[in-house]
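Asker: return atomic coordinates for the entry below.
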Amino acid sequence: MAESVRRLLGKPGAVDLRPYTKLLESIEAREPELRDLDDARLTEKAAELGNAELPYERDDLVELCAVGREAARRALGERPFDVQLLGVMALLDGHIAEMATGEGKTLAGALAAAGFALRGQRVHVLSVNDYLARRDAEWMRPLYDLLGVAVAWIGEESTPAERRTAYSADITYASVSELGFDVLRDRMVTDVADRVVPDTGIALIDEADSVLVDEARVPLVLAGAAEHSDADVEMAELVRTLKPGTDYEIDNEGRNVQLTDTGIDTVEKALGGIDLYDEDDTSVLPRVNLALHAHVLLQRDVHYVVRDGEVRIINESRGRIALLQRWPDGLQAAVEAKEKVDVSETGEVLDSITVQALVLRYPTRCGMTGTAMAVADQLREFYELEVAVIPPNKPCVRTDQPDRLYATREEKEDALIEEVTEVHATGRPILIGTQDVAESELLAKRLADAGLECVVLNAKNDSDEAAIIAEAGTHGAITVSTQMAGRGTDIRLGGSDMADRDRVVEAGGVHVMGYGRYPSSRLDDQLRGRAGRQGDPGTSTFFVSVEDDLVANNAPETRGYEAAGDGEITDPSWLRMVDHAQRVSEGQLLDIHRNTWRYNKLIDVQRSVVLEHREAVLTDDLGDRQLAVDCAAHHADLVEDAGADEVARAARLITLYHLDRGWTDHNAFLAELREGIHLRFLGRRDPLDEFNRDAVPEFKGFLDGARARAAETFGEAEAADGAIDVAEIGVKRPSMTWTYMVHDHPFSSQLENFVGKLKRPSGAQG
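Answerer: Numbering: from 1, shown residues only. Presented below is the predicted three-dimensional model:
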């Protein structure tokens, strides 16, 4: 009934499965005949499906699913369930298939990828990390081989030659970050032969909500011209002496920190009696705010860990180390100064691309995840994608118990430990989800003190995650883990031991416990989904306290509540307050996503203008033709001395250099503009309007300026022995480039500005 109403109202998540369901009987009817074929003939049957265009017509769709089911049975020993075939059909129609944990998303995605590839489409299966990209490509390879399509994968260690080979396959598995980095590097090539990424076709996205929503605001960056900056130790030491509540204040959401009048006086005196707000020297205040932000708002073992003498960011939606990810350079250096580690190398940003812009390059997008409905509106708004909710193969019998709310964290912990003790005595495996590393380690210590041994999975040992999760379903196991999103491994009851499985089933299956609600209901559901796989028994309970950050920051009216007895709060209105706090948090995350999209929309338009012009220079000798006009006499002399081909080569390199140099400088201008736009917001002006008002005229004349600079440089070119050395006239590419992800400031819900609020409190003395 709910689905019918959604379809009637045109709501997200309203994809009608009935057309797919009607085909299941015909698919099954093909099974006996296909089973009688040998492998070679089955491969021929798959190849015959490539004789038409997408989308698949009814009969071809039936044949694809039937052939794919038989190929999976032979190659993998797994006969896809009917619901997996529904997922395949939804993917082929360009939807997001919501399939619960343990329902076989990987196989459904592989069959859909093969379906696209058989119709001549190049398919990129995008994953959340290199491990899953490699694992799934190798796991599904026998299936692809039998269907006659080639598969490959790329990872962080792949060489350019290996990447080029992998991208030439029919189906390429890659993490979304590695693909983005390859796209950025391709944008900087000076010879077409150096490109590695072919034209886009199909993007099939695993853990689609995580990639398309959680990481959509994360820019991927290509940097060059390495420099080394010193740590701002002076500011790091200064802010350590400041007192909370006296020298600085944190806003109710815990997202911004700013100096009080007293704090301003303290800092100004410590720095020799300067004026922090001196208009002639604006360099000190940002340094103070960066150091204050790093000291107060970024917590070790919550937002980052220190490993091998380096600051490593923790991915907030998956609770693991975010490889190659960093904050904008100023904030990154401030955290490194705080932790007294070497400052990592910095450099100028040559180009960047958001995950959202990367995915939108593909004409056809689809994906699968276990928790899409909660963000169905965003998937429609930002990607024009609809959600198809695929029913489970077996009804879910997991019991999701009501939240248990307590007045204080300590009372919450006491209650959780008590329940762990009781459940553990039954032999049931227990999985406890925590928010961050610090919580997981605190809880592990409390369990140890209570005589309960547990295994901890967090960002400090995420390399062991597959082994840890594989054992999490065994009899008597207690596992404490940070976020479960994107783990890519199911918890199987009893592991591989059938006798142990029977014991666990009889005891009641996995008991999932949440050590507080997450900032998003999707993360709650991803944790719950680790119990009740494929009709297994299981239960889930979340323990929450009024002092939890989620509640305290997003429902401040709950502060100071005192409960009698053991501290448990049973008033339904207070339990609803927790839901309210989570909705506020989700709204803030949506605002950040929407603001990122709005800011980047203009930048993407300007970037596309540059890229279109650059493509003409790279592939069509546009630079040579322009310089033949702008420097006619010199161009003719050089052609006579070095030949037309050599001059065209030099013209291409010179023109590309000035286009790229100009875009790097414009990028820096836009970054600086956005960092300071908050000052206009404080003056009650719309920051986006202000951003556009300055960014548009700054870009005007960009191409003409690059052309003029290219002509000036070309005029200095000389030929010697039939060659033109462009390096002699200053045309030099960065000697080194590297890639990383910029973890945008997560604490400013209005502006995502990593400097924070710089407004001077009223009454401050200048």
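Asker: can you give me the strands for the stretch 301-450 of the chain?
Answerer: 304-307, 310-315, 320-321, 325-326, 346-354, 364-369, 387-389, 399-400, 404-406, 430-433 (DSSP state E, counting those that start in this stretch).
Asker: least confident of the ones you listed, on average?
Answerer: Looking over the strands of the stretch 301-450 of the chain, mean pLDDT reaches its minimum on strand 320-321, with a mean of 59.
Asker: what is the least confident helix or strand in the chain?
Answerer: helix 2-9 (a mean of 54; mean pLDDT, DSSP states H and E).
Asker: mind listing what Thr200 touches?
Answerer: Residues near Thr200 by Cβ atoms under 8 Å, 6 or more residues apart in numbering: Arg122, His124, Arg361, Tyr362, Pro363. (Each C-beta comes from the backbone N, C-alpha and C, glycine too.)
Asker: any weak-confidence spans in the stretch 451-600 of the chain?
Answerer: Low-confidence segments of the stretch 451-600 of the chain, defined by pLDDT under 70: 459-466, 483-490, 495-497, 559-564.
Asker: state which helix of this protein is the longest.
Answerer: helix 572-620 (DSSP state H).
Asker: quick check: closest non-adjacent residue to the residue nearest in space to the middle of the chain.
Answerer: Centroid-nearest residue in the chain, with Cα atoms, centre = their mean: Glu215, separated by 2.7 Å. On the basis of Cβ to Cβ, 6 or more residues apart in numbering, the spatially nearest residue to Glu215 that is not a chain neighbour turns out to be Val355, at 4.7 Å.
Asker: element containing the residue of the chain positioned farthest from its centre?
Answerer: Taking Cα atoms, centre = their mean, the residue of the chain most remote from its mean C-alpha position is Glu640, at 53.3 Å. Taking DSSP states H and E as the criterion, Glu640 maps to helix 632-642.
Asker: mind giving me the domain ranges of this protein?
Answerer: Here the domain parsing of the chain from automatic domain parsing is 2-216+357-389, 229-344, 399-576, 616-733.
Asker: is it possible to export those to JSON lines including distance to Val605?
Answerer: Putting these into JSON lines (distance: least, Cβ to Cβ, whole Å) gives the following:
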{"stretch": "domain 2-216+357-389", "distance to Val605": "11"}
{"stretch": "domain 229-344", "distance to Val605": "23"}
{"stretch": "domain 399-576", "distance to Val605": "31"}
{"stretch": "domain 616-733", "distance to Val605": "9"}
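Asker: for the residue nearest to Glu215, the count of nearby residues, please.
Answerer: Counted by other Cβ atoms under 10 Å, the residues lying close to Val355 total 23.
Asker: same deal with Glu249?
Answerer: By other Cβ under 10 Å, 15 other residues sit near Glu249.
Asker: next, the contact list for it, please.
Answerer: Contacts of Glu249 (Cβ under 8 Å, 6+ apart): Val257, Gln258, Thr260.
Asker: surely the last one meets Thr246?
Answerer: Yes - in this structure, Thr260 sits in contact with Thr246. The criterion is Cβ atoms under 8 Å, and the distance is 6.9 Å.
Asker: the more surrounded of those two?
Answerer: Thr260 (18 against 11).
Asker: ramachandran angles for the more buried one?
Answerer: Main-chain dihedrals, Thr260, degrees, to the nearest 10: phi -90, psi 180.
Asker: now do the one 10 residues further on
Answerer: Its backbone dihedrals place Ala270 at phi -60, psi -30, with angles given as degrees, to the nearest 10.
Asker: what's the burial count for it?
Answerer: Neighbours of Ala270 (other Cβ under 10 Å): 16.
Asker: residues contacting it?
Answerer: Leu238, Thr241.
Asker: from what I see, Thr172 and Ala166 are in contact.
Answerer: Yes - using Cβ under 8 Å, Thr172 is in contact with Ala166, at 5.3 Å.
Asker: overlap in contacts of those two?
Answerer: Residues touching both Thr172 and Ala166 by Cβ under 8 Å, 6+ apart: Ala152, Trp153, Ile154.
Asker: backbone dihedrals for the first one, please?
Answerer: Which is Ala152. phi -150, psi 170.
Asker: what is the burial count for it?
Answerer: Considering only other Cβ under 10 Å, Ala152 is surrounded by 20 other residues.
Asker: kindly report the same for the second one.
Answerer: When neighbours are defined as other Cβ under 10 Å, Trp153 has 25 of them.
Asker: repeat for Ala448
Answerer: Ala448, neighbours per other Cβ under 10 Å, totals 11.
Asker: check contacts around it.
Answerer: Cys454.
Asker: distance of it from Asp275?
Answerer: 53 Å (Cβ to Cβ, to the nearest Å).
Asker: same deal with Ala133?
Answerer: With Cβ to Cβ as the criterion, Ala133 and Asp275 are 53 Å apart.
Asker: give me the more crowded residue out of these two.
Answerer: Per other Cβ under 10 Å, whichever of Ala133 and Asp275 has more neighbours is Ala133, with 25 against 15.
Asker: give me the buried positions along the helix or strand containing the more buried one.
Answerer: Here Ala133 sits within helix 130-147, counting by DSSP H and E. Residues of helix 130-147 classed as buried by neighbour count (16 or more other Cβ atoms under 10 Å): 130-137, 140-141, 143-144, 146-147.
Asker: that one - contacts with which helices or strands?
Answerer: helix 39-48, helix 58-76, helix 105-118, strand 123-127, strand 151-153, strand 171-175 (3 or more Cβ pairs under 8 Å, 6 or more residues apart in numbering; DSSP states H and E).
Asker: coming back round to it: which among the contacts of Glu249 gets closest to Val62?
Answerer: Val257 (60.5 Å; Cβ to Cβ).
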